[in-house]
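K.L.:
Structure here, sequence nowhere to be found:
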Ligand SMILES: NC(=O)C1=CN([C@@H]2O[C@H](COP(=O)(O)OP(=O)(O)OC[C@H]3O[C@@H](n4cnc5c(N)ncnc54)[C@H](O)[C@@H]3O)[C@@H](O)[C@H]2O)C=CC1
Ligand SMILES: O=C(CO)COP(=O)(O)O
């Protein structure tokens, strides 16, 4: 391991697949890992079976991972808290958590999404609530993002991610907290770039899945990844992010993973749509979250008043929210006016 930093106690807020996988990573570095889940019966199952059968089957929870449904218990005496709930439940969870946070705690969001009602990223939500609670000078916020399927991380398959914080020293400190022999962590100060790339790759992954479901080939997928990256970068730079971030792990890295990997839930949703199934039926059957569905609406609403070309986003929005036929969406993308690359 490059840098060792063993800490006493950390908390993971959210006991889904990614929260459980991150708890597994942190269990190699921390004395105790508190793993908070919002449903008591699920937490009870974790305590009894020592395995998250619903979200991460086959991975045994090490003895120092302590499942709890009591959020006070989870964050008490804890300096580092990693938030891993679905983006649309984060605001209410963070509101509950904020008054309970220890002085000088650091909250790291590993969530990939943008809120529908406010069009805010997760760190923007945190900043807003911290300000309301007058804790903005006390609590630090950060982001963890990159190509990282939960199952592979939990299995110890070599993975690299980026942790971003506006304060580089804190990002570098967090690097030493999360790094293990198989989990390599880079540092960044471009929080906006990390959050925008993480949220938008899910939209492009739905598009890639749609094309796979329609039976198109590798050419189509490569075109989507490349033009998708252009679209994501265009919006990110407009919002103040650094262009380079979009060619890093959280940008190109996660885009390639999610557009090509069979473990992606967003790509799965796209594939089922491409095969002709209805969105509502696909979502009703899924046990896990596909953040790209809601994020498509957020980003559509965010970009509509702006003069930014987002053709793939617009077609995914039309398929998800206006019932547009998938093959017609692809036809319309191909028929756009010719451009200079
Ligand atoms: N699974 C993965 O491979 C990765 C996931 N992520 C991101 O992590 C975040 C969480 O995703 P997953 O763990 O994969 O989701 P999941 O679908 O596996 O689990 C979601 C968890 O959140 C809980 N939950 C649902 N509503 C809640 C609420 N109102 N309050 C508190 N908890 C609630 C569920 O009970 C479940 O335990 C998402 O933003 C996702 O994009 C990021 C990287 C990898
Ligand atoms: O973000 C992910 C991997 O980095 C997981 O992607 P899905 O949410 O599409 O499964």
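P.N.:
Looks like it arrived, so ask away. Since this is a predicted model, take the numbers as computed values, not measurements. Residues are numbered from 1 along each chain as shown. Ligands and ions are numbered 1, 2, ... in the order given.
K.L.:
Output the set of residues of the stretch 101-250 of the chain in proximity to ligand 1.
P.N.:
For the stretch 101-250 of the chain, the contact set with ligand 1 under C-beta under 6 Å from any ligand atom comprises 110-113, 148-150. C-beta here means a position set from N, CA and C on the backbone, and glycine is covered the same way.
K.L.:
Please see if the lengthiest helix in the chain touches ligand 2.
P.N.:
Longest helix in the chain, counting residues (DSSP state H): helix 191-213. Yes. Using C-beta under 6 Å from any ligand atom, we find that helix 191-213 touches ligand 2 at 202, 205.
K.L.:
pLDDT on the helix or strand harbouring residue 313, on average?
P.N.:
Element membership for residue 313, per DSSP states H and E: helix 311-321. Helix 311-321 shows a mean pLDDT of 98.
K.L.:
what's in contact with that helix?
P.N.:
200, 203-204, 206-207, 210, 224, 227-228, 231, 273, 279, 292-293, 296-297, 299-300, 303, 324-326, 329-330, 332-333, 336 (C-beta atoms under 8 Å, 6 or more residues apart in numbering).
K.L.:
and that helix with helix 191-213, angle?
P.N.:
Put simply, helix 311-321 runs at 60 degrees to helix 191-213, going by axes from the mean of the first three to the mean of the last three C-alpha atoms, to 10 degrees.
K.L.:
Enumerate the residues of this structure near ligand 2.
P.N.:
Taking C-beta under 6 Å from any ligand atom as the contact definition, the chain meets ligand 2 at 112, 147-149, 202, 205, 254, 257-258, 264-266, 291.
K.L.:
which of the residues you listed tops the neighbour count?
P.N.:
Using other C-beta atoms under 10 Å as the neighbour criterion, residue 205 leads the residues of the chain next to ligand 2 with 32 neighbours.
K.L.:
That residue contacts residue 270, doesn't it?
P.N.:
Yes. Look at residue 205 against residue 270 with C-beta atoms under 8 Å: they come within range, at 6.7 Å.
K.L.:
one step back: can you go through the contacts of helix 311-321 and name the buried ones?
P.N.:
For those, a burial check counting by 16 or more other C-beta atoms under 10 Å picks out 200, 203-204, 206-207, 210, 224, 227-228, 231, 273, 292-293, 296, 299-300, 303, 324, 326, 329-330, 333.
K.L.:
in the stretch 1-150 of the chain, which spans are strands?
P.N.:
Taking DSSP state E, counting those that start in this stretch as the criterion, the stretch 1-150 of the chain carries its strands at 7-13, 30-36, 51-52, 56-60, 65-68, 80-83, 106-109, 140-145.
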